[in-house]
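Asks: Quick one, fold the following:
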Amino acid sequence: MEFSNPILIWACLGAFLMLAEIIIPGGIVILLGGACLVVAGALAVGLVDGIVQALTLWFIASIVLLLGFRQVTQKLVGGDAHVANTDEELELYNQIALVKQAIGPAQKQGRIEFQGTEWSALGDGSEIAAGTRVRIICRDNIAFVVEPYEGAEYTK
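Replies: Have a look, this model is predicted:
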């Protein structure tokens, strides 16, 4: 058995790449291996002769397989698709916090406890005493803008 046989080299490379899909999932490596098998077949039939033609066929076959079958392999292989809220400020609206240091009057900043951390806070212009529950309206730079909250019990 001769290892300098280009048909054998392309076939082994194709098999190796297709098996590598187990370690490197994503559906691309298996298609590149399939392109190697196409080249090995073309060499065996005699359609391609020489390294330049073999590489050219491999590039063309790779592109055709990737464009034609990428969607199919993505469905078979799957993947992690997680769509999360990209605007984290939306999660802050209407959340309840506890005033740790009095806020106001006017534009005087105070401190609130929210999600286990203390934050700077601005009020609605009135004075909000420490210990008061507040509702987060929005964020102004790094400070939360809050208003007094008259609702259910505060929970951390």
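Asks: Could you tell me the model confidence score at Pro25?
Replies: Note on Pro25: pLDDT of 74.
Asks: can I assume it sits in a helix?
Replies: No - going by DSSP: H, G, I helix; E, B strand; the rest coil, the assignment for Pro25 is coil, not a helix.
Asks: quick one: it and Thr73, what's the gap?
Replies: 10 Å (CB to CB, to the nearest Å). Every C-beta, even on glycine, is put in place using the N, C-alpha and C of the backbone.
Asks: For burial, what's the neighbour tally of Gly27?
Replies: 20 (other CB atoms under 10 Å).
Asks: Tell me if I'm right that it and Gly33 touch.
Replies: No - between Gly27 and Gly33 there is no contact under CB atoms under 8 Å: 11.2 Å.
Asks: Report the beta-bridge partners for Phe144.
Replies: Ala121, Arg139 (DSSP bridges).
Asks: My guess is it contacts Glu118. True?
Replies: No - using CB under 8 Å, Phe144 is not in contact with Glu118; the gap is 10.8 Å.
Asks: Between the two, which contacts overlap?
Replies: When CB atoms under 8 Å, 6 or more residues apart in numbering defines a contact, the residues bordering Phe144 and Glu118 alike are Ile112.
Asks: neighbour-wise, which of the two wins?
Replies: Phe144 (23 against 13).
Asks: Centre of the chain to the top helix by length along the chain, how far?
Replies: Identified as the longest helix of the chain according to DSSP state H is helix 51-77. When distances are taken as CA atoms, centre = their mean, to the nearest Å, helix 51-77 is centred 25 Å away from the chain's centroid.
Asks: List the buried residues of the very next helix or strand once past that helix.
Replies: Heading C-terminal from helix 51-77, the first helix or strand you meet, by DSSP states H and E, is strand 96-101. Applying a neighbour-count criterion of 16 or more other CB atoms under 10 Å, one finds Ile96, Ala97, Leu98, Val99, Lys100 buried in strand 96-101.
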